[in-house]
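Novice: Curious how this folds, go ahead:
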Amino acid sequence: MPAPLRLRLDGDALVQNWRTLDRMSGTAACGAAVKANGYGLGAIEVARRLANAGCRDFFVSNWQEAAELAPLGLTVSVLHGVREDDMPAAAAGFARPVLNTPTQVARWKAVGAGPCDVMVDTGMNRLGISTDDIAGGLLDGVEIETLMSHLACADEDSPMNAAQRDRFAALAGATSAKRTSLANSAGIALDGYAFDLTRPGLALYGGVPRPELSTIRQVVRPEAQILQRRRVRAGDSVGYNARWTAENDTEVAVLNLGYADGYRRHFTNVGAALALGRVLPVLGRVSMDLVAIDVDAARELEEGDWVTLDYALPASAAASGLSQYELLTGLGQRFDRVWSVS
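Specialist: Numbers count the residues shown, from 1 in each chain. You can find the predicted model right below:
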């Protein structure tokens with residue numbers, strides 16, 4: 001059945017964003033993080049479009065995500081490495097693990113497995129083996145395609161960025177790795193962080209983590225159908241806890257949309273929809289399945305008409321207090337995902 005919600009996904013913008021990041025990566029190859037179901041857009045469709053554009057390296061979180069992409073025949077790295085339970089999938093050869101711990105390295109060595117990637121911690125203290133592990137010979141005999149690390153503060157002008165870069169650069173020649181990779185989307189905007197391979201995620205999908213990436217194009221536009229039109233009299237309120245009260249008689253439309261779909265309560269009284277070239281403010285509290293908007297400026301809208309949510313990621317993050325990552329990956333499965341022809 002057709003859903004009363006849809007995501008308009010701009011395939012041309014997605015590809016153009018990758019090309020922009022590829023150009024900014026200089027001589028480094030530019031990959032793509034397609035974890036979390038392609039940041040909520042749909043990993044298969046994202047990966048297919050980027051592969052057709054020339055992307056050759058893809059990154060997911062776990063083996064379930066890698067298996068979903070297996071029919072596309074891509075080069076996929078699994079960022080969370082390999083648990084014991086993952087070994088049958090890893091042995092199938094449709095993706096490479098990014099080994100993160102001495103236990104994972106030992107597990108990989110024990111089966112005489114082939115090429116892998118390795119994550120080294122340079123200061124984020126999240127995933128990765130230590131530089132001491134490398135100095136101690138942990139990776140001796142391991143066939144490493146890519147040695148990588150991850151920047152903690154690339155979206156800020158932090159001294160930690162240079163500290164991590166220098167620690168990572170100091171590992172040159174210390175392993176058998178054919179390539180090195182450090183920069184995420186924000187890291188691509190920094191000078192001297194590209195190494196051999198960059199791994200953008202957020203900026204592919206329209207996020208702008210640094211001002212240098214202001215040419216990144218919006219990819220995702222949520223749309224919702226009007227469920228009901230009503231007139232709210234002056235002095236009456238809308239929604240739970242009466243968070244908005246009409247100062248004057250107001251034309252209101254109620255949308256098939258709510259926080260169960262990823263349109264979070266943070267947009268209460270600060271979000272907006274767009275229709276007929278007009279801005280239509282959100283009225284009152286966003287609830288699980290419903291949102292009310294002011295349609296005084298677009299009274300011709302009727303039950304069954306569609307409106308577009310104002311969802312440009314940088315501005316929406318500023319308005320809601322949510323991160324651009326949350327806004328993307330939180331978009332729910334009740335949306336039909338409709339790609340532009342590309």
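Novice: Okay, helices next: where are they in the stretch 101-250 of the chain?
Specialist: 102-110, 131-135, 159-169, 185-188 (DSSP state H, counting those that start in this stretch).
Novice: Tell me which other helices or strands the third one touches.
Specialist: Which is helix 159-169. Counting contacts by 3 or more C-beta pairs under 8 Å, 6 or more residues apart in numbering; DSSP states H and E, helix 159-169 is packed against no other helix or strand. Backbone N, C-alpha and C define where each C-beta goes, glycine included.
Novice: Can I get the helices of the stretch 101-250 of the chain in a markdown table including mean pLDDT?
Specialist: Shown next, in a markdown table, are the helices of the stretch 101-250 of the chain (pLDDT from 0 to 100):
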| stretch | mean pLDDT |
| --- | --- |
| helix 102-110 | 96 |
| helix 131-135 | 97 |
| helix 159-169 | 98 |
| helix 185-188 | 98 |
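Novice: TSV for these, including mean neighbour count and distance to residue 34?
Specialist: What follows is these, written out as TSV (neighbours: other C-beta atoms under 10 Å; distance: least, C-beta to C-beta, whole Å):
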stretch	mean neighbour count	distance to residue 34
helix 102-110	16	22
helix 131-135	14	28
helix 159-169	16	24
helix 185-188	26	13
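Novice: Could I get the ones you listed in a markdown table, plus columns for distance to residue 75?
Specialist: As requested, these are exported to a markdown table (distance: least, C-beta to C-beta, whole Å):
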| stretch | distance to residue 75 |
| --- | --- |
| helix 102-110 | 18 |
| helix 131-135 | 24 |
| helix 159-169 | 22 |
| helix 185-188 | 20 |
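Novice: all strands of the stretch 101-250 of the chain, in order?
Specialist: Taking DSSP state E, counting those that start in this stretch to define them, one finds strands in the stretch 101-250 of the chain at 116-119, 144-148, 179-181, 197-198, 220-232, 237-238, 244-245, 250-256.
Novice: What strands line up against the last one, and which way round?
Specialist: For strand 250-256, the pairing partners within the sheet under DSSP bridges are strand 220-232 (antiparallel), strand 290-294 (antiparallel).
Novice: Mean neighbour count, those strands: which tops it?
Specialist: Ranked by mean neighbour count under mean count of other C-beta atoms under 10 Å, these are led by strand 290-294, which reaches a mean of 24.
Novice: can you give me how far stretch 230-239 is from the chain middle?
Specialist: Mean-position distance between stretch 230-239 and its chain equals 38 Å (C-alpha atoms, centre = their mean, to the nearest Å).
Novice: Now for the nearest residue to residue 15 once chain neighbours are set aside, how many residues are close by?
Specialist: Spatial nearest neighbour of residue 15, chain neighbours left out: residue 53 (4.6 Å); criterion: C-beta to C-beta, 6 or more residues apart in numbering. Using other C-beta atoms under 10 Å, residue 53 has 16 other residues around it.
Novice: Now for residue 53: which residues touch it?
Specialist: Contacts for residue 53 were tallied using C-beta atoms under 8 Å, 6 or more residues apart in numbering; they are 15, 18, 19.
Novice: Narrow the residues you listed to just the buried residues.
Specialist: In terms of neighbour count (16 or more other C-beta atoms under 10 Å), the buried residues within these are 15, 18.
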